[in-house]
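Asks: build the 3D model from these lines:
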Amino acid sequence: MIARKIAEDALVKTAIFGADPNWGRIVSAAGTAGVPFDPKKVSLKLNGFELFRNGSPVPFDKQEVADSIRNNRNTHFLLSFGEGTASIRFWTTDLTTEYVWLNSDYTT
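Replies: Numbering: from 1, shown residues only. Next up, the predicted model:
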């Protein structure tokens, strides 16, 4: 449920489209999934760069992380909750300019 919420979140997709390593949008989307978790145990890596650890942001080179998003076809999130042993891999698509134009150019 959390992975799906993040994957479908328009603000997360917008951040990725803009190569913005906005950890807040990702963590906030997780928090709206309706699944209880301890926010003080949440950690996040984006393309291998640690952005958030144990409920707090950590220093990172914003330009380096932005370049990793911009220069790679895929963007990888690793969101850890520090509880349990379950894991999931979830794939989604971004919002590209072409996608927006294609889907706004006609009416149904």
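
Asks: centroid-nearest residue for this protein?
Replies: Ile26 (4.3 Å; CA atoms, centre = their mean).

Asks: look at Gly24 and give its secondary structure.
Replies: With DSSP: H, G, I helix; E, B strand; the rest coil as the basis, Gly24 sits in helix.

Asks: any idea how far Ala86 is from it?
Replies: From Gly24 over to Ala86 the distance is 24 Å, taken as CB to CB, to the nearest Å. (Glycine included, C-beta is placed from N, CA and C.)

Asks: more neighbours, those two?
Replies: The neighbour comparison of Gly24 against Ala86 (other CB atoms under 10 Å) goes to Gly24, with 13 against 6.

Asks: close enough to count as contact, the residue nearest to the centre of the chain and Leu79?
Replies: Yes - at 6.9 Å, Ile26 and Leu79 qualify as touching, with contact defined as CB atoms under 8 Å.

Asks: which residues are in contact with each of the two?
Replies: Common neighbours of Ile26 and Leu79 are listed as Ile6, Leu44 (criterion: CB atoms under 8 Å, 6 or more residues apart in numbering).
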